[in-house]
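A.B. asks: Coordinates for the following, if possible.
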Amino acid sequence: MESEILADLVWAAPFVGAAIVTFLSLFKGGKARGYIAVILLFVSAVSATLLVKMVLDNNAGFVQFSYPWITSLNVDVEIYVDTLSAFMALIVTWLCALIGFYSLKYMEGDSGWTRYWFFFSFFTGSMLLIVMSGNLLLTFVGWEGTGLASYALIGYWFMDEREKWVGDPDRKALGVSMEFAPSHSSVRALMFTRLGDVGLIAGIAVLYFVTNPHTLSISAIAQDSVVRQWGGELAVRGMLLPFLLVFSLGALAKSAQFPFHEWLVTAMTGPTSVSALIHAATMVKAGVFFMLRFTPIFYLLLRLLPAAAGDVSLYFTIITFIGAFTAFFMATQGIVAKELKLVLAFSTASQLGYMFMAAGASGLIGDFVNGFIATFSMLMSHAIFKASLFLAAGAVIHTVESRYMDEMGGLSKIMKVTFVAMLVAALSLSGLPPLMGFWTKDSVLEVVFQSGLLIPFLLAVVTASFTAFYSLRMVMKTFVVSPSARVVHMEEKHELHEAHAVMLGPYSLLAFATVAIGVLWLFVGSGFFTALAKHVLAIDEVPSAFSVKLNPSLTALSIVMVSIGLGAAYLMYGKPQFDRKVAGRMETSASLRGVRNFLFDRWYVNSVYYIVFVSGGRWLSNGLFKWLDTKVIDGFYHRFVPWFTTRLYVDGFKFFETGIIDRVYHSGVVTVFTKAVYGTFRYFETAVIDHVYHVYLVKAALSVSNGFRKVQTGRINHYILAFVLGFIVLVVMFLLGVL
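C.D. replies: Numbers count the residues shown, from 1 in each chain. Coordinates of the predicted model:
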């Protein structure tokens, strides 16, 4: 019961916070809503911490319980917490709690205070529901909950004030605007992720119908016998590979993998605290968690169904290529971005590509568990340093009142703690030893190298250099280069200052964590690996002990590439003279300028989407409307229908008038009726009037008249006799009682 209470408290506390915030909105005292929401987020975090200890101490290695829900479908509200879920919940809850604490100051005075805290808490609860759900239907509820909350928070400033937009004003690529309003960005996020969710729904439905008995329980679906059943059924029908790809579409879209990446770029229209929430702890990490939860189940197919090995291996290969290309593709855009949050957005999608690449490659190597651990470690480290980066960026934007790095510079002397925190987190993102990002990125590179896929490996290595470049470029342009005119003006007016302690604390703590964990990784890494892999659903063959190992050649290559990226960024933005030469060369060289514009305009992918799907859809709609309007409405309705009804009326009237009225009524009915009336009258006249009336009736009248005439004799004695007889008859009738 204690484990059930703790587990329920982890995911339910944020929902309770959302409900309380809504209830308190009926009363005054707005600040209390935020404090209560944050307190319940910390309750969830503390509960998650205790739950991790309980799961690790549990001999079974997991906590599982359920409540009746939809009995007709054999679906329960099932909670399943293994070591993967426990550690993931730990990361999500603490990051959300810290970001929530930061938001108390960052969102202070905002008019949408209640709406913000409701969706913030709802977002956290939905993500935890994904992490801790034991059946696919409940997972889908949480999955769509994060989608709804992201829509509301990305479009939080739905009044579309100009300063809340993202992208360069008046810039167009292939005729398509590259600036996006909050309301438009929220719809983009909803549309892109919903496209992938169609595949997720289809995959859930397929799994339900191919299992016997039908079930949506993840632990049941992961059993060896059930894996053989549904995997064999799909393999025999030639549908295993399509199923695996379609089922993973939701994860690809949620984690902004190519070609679903565009929504994440424009999601920067929301508050920076929301960006930290989406990029570090929720939403985009849901797709990676999906891969961590289900790739072990998919990997079972290789062992249990040798005939399906080709399809499963091809699936893992496709995922690896998608992740590698996304990592490279998004990193190239980060090196030219002008907006502080956009650099971080490109970085997030790129790092998510690393995670998908590792998840795919883990299914292609002999030691799946190491690939699995590398993927989760990358997720964990990225969550920590990316949350720190976004929160620090929010503090900078909040202070400078601009999202463009060209309007910053020289802030290292004013925001010293923020500078150090952001520098540390950026170097960890770059993969500089001994920071946490170095260990996790190196482990991903080793997994990809072991997979034998050369192209993904080369893309990952080149991306490491790009990552280091844009990370240091971001820090240099924000804090180190000469102050911009805006900064100078604000400094003269004493408007620049270090962030408030409530904001400063969370990202400083996270920056310290990425240093501490990185320094201690050689000592704590093996213990963490052992704890993480202790009991993960569908992973049975787990080594008794792990160790932190490095491939010297790969490590050297990684450090060289990172050094190249950091060195290039330092030369370009730390040496003004060199920077001017590069800038001048960029402006005079049409090819270099073309490459820069190509990358800045996001490889024109966004423009192609709008041209093909938006403009193309509009053109198709207009074409169909024009065809429908001219051919159907004008041609059929306005021309054919009136002509047809007119002809029908004319011909019908002509036929009815001559054929029915004239011939039938005038000629037929009237003639027949006249003859019938005349014949009847003639028969009545001769047979009745003449014969009956004139013959019989007259004779009868004459007979009656003659009879009465004979009674009137004119003699008085006859009348007296009649009187006496009549009187006698009356007396007799009276005596007899007749009268």
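
A.B. asks: Let me see the contact set for Met572.
C.D. replies: Contacts were defined as CB atoms under 8 Å, 6 or more residues apart in numbering; by that measure Met572 touches 473, 578-579, 582. All C-beta atoms are positioned from the backbone trio N, CA, C, and that covers glycine.

A.B. asks: Okay, it and Arg585: tell me how far apart.
C.D. replies: Relative to Arg585, Met572 is positioned 11 Å away (criterion: CB to CB, to the nearest Å).

A.B. asks: Check Met178 too.
C.D. replies: For Met178, the distance to Arg585 - CB to CB - is 25 Å.

A.B. asks: between the two, which one's more packed in?
C.D. replies: Each of Met178 and Arg585 has its neighbours counted (other CB atoms under 10 Å); Met178 has more, 19 against 11.

A.B. asks: can I assume that one is in contact with Asp168?
C.D. replies: Yes - at 5.9 Å, Met178 and Asp168 qualify as touching, with contact defined as CB atoms under 8 Å.

A.B. asks: before we move on, the earlier item: can you tell me which two in the contacts of Met572 are farthest apart?
C.D. replies: Using CB to CB, these span at most 13.3 Å, a distance reached by Arg473 and Phe578.

A.B. asks: between the two, who's got more neighbours?
C.D. replies: Neighbours per residue (other CB under 10 Å) separate Arg473 from Phe578, with Arg473 holding more: 25 against 14.

A.B. asks: and the more buried one, what is it in contact with?
C.D. replies: For Arg473, the contact set (CB under 8 Å, 6+ apart) comprises 335, 343, 569, 572-573.

A.B. asks: same question for the helix or strand where it lies, mean pLDDT?
C.D. replies: In this structure, Arg473 sits in helix 454-475 according to DSSP states H and E. The average pLDDT within helix 454-475 is 97.

A.B. asks: How far away from the center of its chain is that helix?
C.D. replies: Offset of helix 454-475 from its chain centre (CA atoms, centre = their mean, to the nearest Å): 30 Å.

A.B. asks: For Ile20, which non-adjacent residue is closest in space?
C.D. replies: Leaving aside its chain neighbours, Ile20 sits nearest to Ile36 (5.5 Å; criterion: CB to CB, 6 or more residues apart in numbering).

A.B. asks: Which SSE is immediately downstream of the helix or strand harbouring the one you found?
C.D. replies: For Ile36, the element it lies in under DSSP H and E is helix 31-57. Remark: after helix 31-57, the chain's next helix or strand is strand 63-70, criterion DSSP H and E.

A.B. asks: Within the sheet, what are the partner strands of that next one, with directions?
C.D. replies: strand 75-81 (antiparallel) (DSSP bridges).

A.B. asks: can you give me the strands for the chain?
C.D. replies: Secondary structure of the chain by DSSP state E: the strands cover 63-70, 75-81, 172-173, 176-177.

A.B. asks: any idea of the mean pLDDT for the last one?
C.D. replies: Along strand 176-177, the predicted confidence averages to a pLDDT of 92.

A.B. asks: In the sheet, which strands lie alongside it, parallel or antiparallel?
C.D. replies: strand 172-173 (antiparallel).

A.B. asks: Out of the contacts of Arg473, who's the most crowded?
C.D. replies: Scoring the contacts of Arg473 on neighbours with other CB under 10 Å, the highest-scoring entry is Val343 at 25 neighbours.

A.B. asks: How about the contacts made by Arg639?
C.D. replies: Neighbours of Arg639 in contact, by CB under 8 Å, 6+ apart: none.

A.B. asks: Now for Ala531, how many residues are close by?
C.D. replies: What Ala531 shows, counting by other CB under 10 Å, is a neighbour count of 16.

A.B. asks: For the spatially closest residue to it that is not a sequence neighbour, give me its contacts.
C.D. replies: Among residues not flanking Ala531 along the chain, Leu56 sits closest, at 5.8 Å (CB to CB, 6+ apart). With contact set as CB under 8 Å, 6+ apart, Leu56 has these partners: 83, 86, 531, 534.
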